[in-house]
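Peer 1: need the 3D shape of this:
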Amino acid sequence: MVRVTTTDRRALLRAGAGIVASGALTTGCATAVAPSSRTSPPAARQTPAPAPAPLLRYPAQILHGPRDRPRVALTFHGNGDPATAHALLTAAEEHGSRLTVLAVGTWLDAHPALARRILDGGHELGNHTLRHLDINTMPEADADAEIRGCAERLKALTGSIGTWFRPSRAARASPLVERLARRAGYPHVLSYDVDPLDFTSPGAPAVVRDVMTEVRAGSIVSLHFGYADTVAALPGLLHELDRRGLRAVTTTELLS
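Peer 2: Residues are numbered from 1 along each chain as shown. Below is the predicted model:
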């Protein structure tokens, strides 16, 4: 696996203007939450849904959506303080926008009510592995357990494993992880073409600036729960997207 600097990583994302094939690329992300024994609430209302037929035209790893429609997907790594999750979801809803949340399984263990909160707000929920470890470096059995462990929690809480899988601590899945995800029921690995590195807490203005520098129609943006700068940035970011004529939708809406 090749490790790259933040500068290299941004350059790779800019160069990868398309939907990419397999390849590992490490990234920072929120710290994993310890498992909890709290009892799960009743299952959130979600009808199990396989990838819609139009998505079948996309390759296994998806970097962005169609460039000919004024839509973008704001995707969030689901981990960290639940208060930031509630704040971000509420801000998006007040604006009429919808988010895609790729949840860490142990985060769902610790805060199971958030599954209902996300779905009841009209947002989308997917798989970001069980414990948020460096999945591309793990042996096959361990990597498989990471994917399936989170899928099982999503299924128990919502009735569905979710449409999307995103590898933990990596922008791209290795060929092995891609294959394991497909076997677990995820036809596509969800990557992104815009990354403001909000998990480094650069300040809300920097988050907005860095997204708007890179974003265009069809972009998939990587953001995180758990960071105050991201909460502070979201209203301004949505306003700037409006000024560009871009609407924030779920990933399934973006790609369908």
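Peer 1: this structure: strands as residue ranges?
Peer 2: All strands of the chain, identified by DSSP state E, fall at 25-26, 61-62, 71-78, 100-103, 124-127, 170-172, 189-190, 220-224, 247-249.
Peer 1: now these as CSV including mean pLDDT, mean neighbour count and distance to residue 135?
Peer 2: The way it works is simple: take the backbone N, C-alpha and C, and place the C-beta from them, glycine included. Converted to CSV, the strands of the chain look like this (pLDDT from 0 to 100; neighbours: other CB atoms under 10 Å; distance: least, CB to CB, whole Å):
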stretch, mean pLDDT, mean neighbour count, distance to residue 135
strand 25-26, 37, 20, 11
strand 61-62, 95, 22, 14
strand 71-78, 98, 27, 13
strand 100-103, 98, 28, 13
strand 124-127, 98, 27, 11
strand 170-172, 94, 24, 7
strand 189-190, 97, 26, 11
strand 220-224, 98, 24, 16
strand 247-249, 98, 21, 27
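Peer 1: right, and those strands - which one's nearest residue 230?
Peer 2: Nearest to residue 230, of all those, is strand 220-224, at 5.7 Å by CB to CB.
Peer 1: other SSEs contacting that closest one?
Peer 2: If contacts are counted by 3 or more CB pairs under 8 Å, 6 or more residues apart in numbering; DSSP states H and E, strand 220-224 sits against strand 71-78.
Peer 1: all helices of the protein, in order?
Peer 2: Along the chain, counting by DSSP state H, helices occupy 6-15, 82-95, 105-110, 113-120, 140-158, 175-184, 204-214, 228-243, 251-255.
Peer 1: tell me which of these lies nearest to residue 65.
Peer 2: helix 251-255 (4.2 Å).
Peer 1: state the mean pLDDT of the closest one.
Peer 2: The average pLDDT for helix 251-255 rounds to 96.
Peer 1: what is it packed up against?
Peer 2: Using 3+ CB pairs under 8 Å, 6+ apart, helix 251-255 sits against strand 71-78.
Peer 1: quick one: strands adjacent to the strand it packs on?
Peer 2: The strands beside strand 71-78 in its sheet (DSSP bridges) come out as strand 100-103 (parallel), strand 220-224 (parallel), strand 247-249 (parallel).
Peer 1: if I look at residue 142, how far off is residue 177?
Peer 2: 11 Å (CB to CB, to the nearest Å).
Peer 1: so for those two, which sits in the more crowded spot?
Peer 2: residue 177 (27 against 13; other CB atoms under 10 Å).
Peer 1: contacts only, for the more buried one.
Peer 2: 135-136, 143, 147, 167, 170, 189 (CB atoms under 8 Å, 6 or more residues apart in numbering).
Peer 1: let's have these in TSV, adding distance to residue 92.
Peer 2: Output for those, formatted as TSV (distance: CB to CB, whole Å):
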residue	distance to residue 92
135	28
136	30
143	32
147	27
167	24
170	26
189	24
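Peer 1: among those, show me the least confident.
Peer 2: In terms of pLDDT, the lowest of the contacts of residue 177 is residue 170, showing 94.
Peer 1: bridged to that one, which residues?
Peer 2: residue 26.
Peer 1: looking at it, it is touching residue 134, isn't it?
Peer 2: Yes - between residue 170 and residue 134 there is a contact at 7.2 Å, judged by CB atoms under 8 Å.
Peer 1: touching, residue 176 and residue 144? I think so.
Peer 2: No - in this structure, residue 176 is not within contact of residue 144 by CB under 8 Å, at 9.3 Å.
Peer 1: and the closest residue to residue 81 other than its chain neighbours, how many neighbours?
Peer 2: Spatially, and ignoring its direct neighbours in sequence, residue 81 is nearest to residue 226 (5.4 Å; CB to CB, 6 or more residues apart in numbering). Taking other CB under 10 Å as the criterion, the count of residues near residue 226 is 24.
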